[in-house]
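**Student:** Pasting a predicted model and its sequence here:
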Amino acid sequence: MSINQKKEQIKEYEELAHLQEIGLQKSMHMLEQDAETFKKFVEENKNQTRIAIKIAEDESKKKQERIQELKQLNENLSTIMSKNTKQLERLEKLYTYKLFLDRLTPAEFLQQQKEKKEKRKKEKLLKFHADDIFQESEKKFNWQIYNINLSPGIIDLLNDSDDDFEMYFKDPSQLQELFNSLESDNLFIIKYTRDCEQNLEDLKHDFENKKQALLEKREQNLRSKAELEKSIQVRGEVKKLIF
């Protein structure tokens, strides 16, 4: 082999080595890029995992807060329902007192208040427009929506309330005076009733005595009649014997 051929061969080896070096460098560069890409992917995945964990923790915290809020709302609702029940019981009791006072109030006063109320209604109707009247009717509270059990009398009273309503009894002393008067009247009625009962007993006693006396007189008259008839019969027989 000549020197020139050897030089050519060496040159080819050098070029092949150079190409291999270039290919190796490119491979190393690609590996570095892949490693960098993978590193970024791992880092991004870690970030997304941290974000997902943070979101999950926030959602869990919000859920616990909503559970606590719901629990607090339920407790508040129970408290309100308990207070509402007590208020309804108090309202029923007050309505009973109202009915009692209405029975004690003179009928003339109640009639006057009724007439005044009707007059106020008519005056309001003259002042209001049609829309106002509709809105006024809509103000009536529908107790059934909230499942509130009230007697019909209370519902009518609440829906037909009148701010200008005047009470007959304005002072407790009025009731005391009325009760004293009623007590006095009751005592008089009781005494009168007892006197009537005593008079009735006396009349019954007199009646029984007179009845007994009449019965005894009737028996005596019957005996006298029988004796008289017997005497007449004997006389008749004697006359027959004589004549």
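**Tutor:** Looks like it came in fine.

**Student:** low-scoring stretches of the protein, by residue?
**Tutor:** Across the chain, the ranges flagged by pLDDT under 70 are 1-7, 10, 13, 18, 128-148, 159-165, 236-243.

**Student:** ok, now which ones touch Gln20?
**Tutor:** By Cβ atoms under 8 Å, 6 or more residues apart in numbering, Gln20 lies in contact with nothing. The C-beta positions use only the backbone N, C-alpha and C, and glycine is treated the same way.

**Student:** Check the gap between it and Met28 for me.
**Tutor:** 12 Å (Cβ to Cβ, to the nearest Å).

**Student:** One more: Ile22?
**Tutor:** 11 Å.

**Student:** got it, and Arg223?
**Tutor:** Arg223 is 164 Å from Met28, by Cβ to Cβ.

**Student:** Equivalent analysis for Gln87, please.
**Tutor:** Counting by Cβ to Cβ, the gap from Gln87 to Met28 is 86 Å.

**Student:** For Gln233, grab phi and psi.
**Tutor:** Per-residue torsions, Gln233: phi -60, psi -40 (degrees, to the nearest 10).

**Student:** Run a quick neighbour tally on it.
**Tutor:** If you count neighbours by other Cβ atoms under 10 Å, Gln233 ends up with 10.

**Student:** go on, Tyr168?
**Tutor:** For Tyr168, the count of nearby residues is 14 (other Cβ under 10 Å).

**Student:** which SS class is it?
**Tutor:** Assigned with DSSP: H, G, I helix; E, B strand; the rest coil, Tyr168 falls in the coil class.

**Student:** is it true that it touches Pro106?
**Tutor:** Yes: the criterion here is Cβ atoms under 8 Å, and Tyr168 meets it with Pro106 at 7.1 Å.

**Student:** got the buried residues for the helix or strand containing Glu115?
**Tutor:** Using DSSP states H and E, Glu115 maps to helix 107-127. Neighbour-count burial for helix 107-127 flags Gln113 (criterion: 16 or more other Cβ atoms under 10 Å).

**Student:** can you start the count at 634 instead of 1 from here on
**Tutor:** Noted, 634 is the first residue going forward, which turns the last one into helix 740-760.
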